[in-house]
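Turn this into a structure:
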Amino acid sequence: MREEPLAERYARALLSASLDSAVADRVAQDLLFLREVQTELPELVPFLAHPRIAPAAKEKVLFSLNSTIHPYTLNLLRLLVRKGRAGLVPCLVFAYFKAWEEAGGPVHIVVRSARPLSLEDRVKLQAQLREALGRDVALEEEIAPELLAGVELVIGGKRLDASLRGRLVRLRQALGG
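The predicted structure follows:
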């Protein structure tokens, strides 16, 4: 897909600026916040990418996020809107974390669980993963009620399933069903 390399270029530029100013963590949190907003408002990206909606109207929506996100993130979003590339926003989070990881930053791990992790569980999991990987980790949580219990970890595009649903599926396969 042509969008992925382009999203990677924008993500690397954003990362470079954020590392120079020591705000890479903050920008990462902004991008995760944007992913949450996209999940809650799936019409956001189509709105920002729609060619018939005036750029001023799109920027007005972006400025409503102004108090929550860093100026670097906001400026990149404005640039994507102006250039008609707002459709890249969904690819940006993965591309940013991938670039940051390659630059020696934390390993981005998506933790999927049936219910939100408690602070204690999150800290414990993060410490265990840090020890196992020998690097800092950045956890992104996703709620997936279909897992029933346990967690799924997605690290570098690979899925490690320690959920109850996964165990039941494996048991059914082992029993020939």
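
packing partners for the helix or strand of the chain with the lowest mean pLDDT?
Sorted by mean pLDDT, DSSP states H and E, the helices and strands of the chain end with helix 164-174, the least confident at a mean of 78. Judged by 3 or more CB pairs under 8 Å, 6 or more residues apart in numbering; DSSP states H and E, helix 164-174 is in contact with strand 150-155. (Each C-beta comes from the backbone N, C-alpha and C, glycine too.)

one step back: could you give me the buried positions within the least confident helix or strand of the chain?
165, 166 (16 or more other CB atoms under 10 Å).

how much space between residue 149 and residue 43?
Per CB to CB, to the nearest Å, residue 149 is found 33 Å from residue 43.

Show me the chain divided up by domain.
1-104, 106-177 (automatic domain parsing).

roughly how far out does the last one sit from the chain middle?
Remark: domain 106-177 is offset 15 Å from the chain centroid, using CA atoms, centre = their mean, to the nearest Å.

do the same with the longest one
Domain 1-104 sits 11 Å away from the centroid of its parent chain (CA atoms, centre = their mean).

can you give me the strands for this structure?
Applying DSSP state E to the chain gives strands spanning 107-113, 137-143, 150-155, 158-163.

Output the contacting helices and strands for the first one.
The one in question is strand 107-113. In terms of contacts (3+ CB pairs under 8 Å, 6+ apart), strand 107-113 is packed against helix 89-102, helix 119-133, strand 137-143, strand 150-155.

And it, what's buried?
Counting neighbours by 16+ other CB under 10 Å, strand 107-113 gives 107, 108, 109, 110, 111, 112, 113 as buried.

Would you confirm that the third one contacts residue 132?
No - here residue 109 lies out of contact with residue 132, judged by CB atoms under 8 Å, at a distance of 10.6 Å.

anything in contact with each of those two?
Shared contacts of residue 109 and residue 132 (CB atoms under 8 Å, 6 or more residues apart in numbering): none.

so where is the protein shaky, pLDDT-wise?
Scanning the chain for pLDDT under 70 picks out 1-3, 66, 177.

re earlier: neighbour count for residue 149 and residue 43, which is higher?
Ranked by neighbour count (other CB atoms under 10 Å), residue 149 and residue 43 place residue 149 first, with 12 against 9.

Now the more buried one. Nearest residue, chain neighbours left out?
Once flanking residues are discounted, residue 149 sits nearest to residue 164: 4.1 Å by CB to CB, 6 or more residues apart in numbering.
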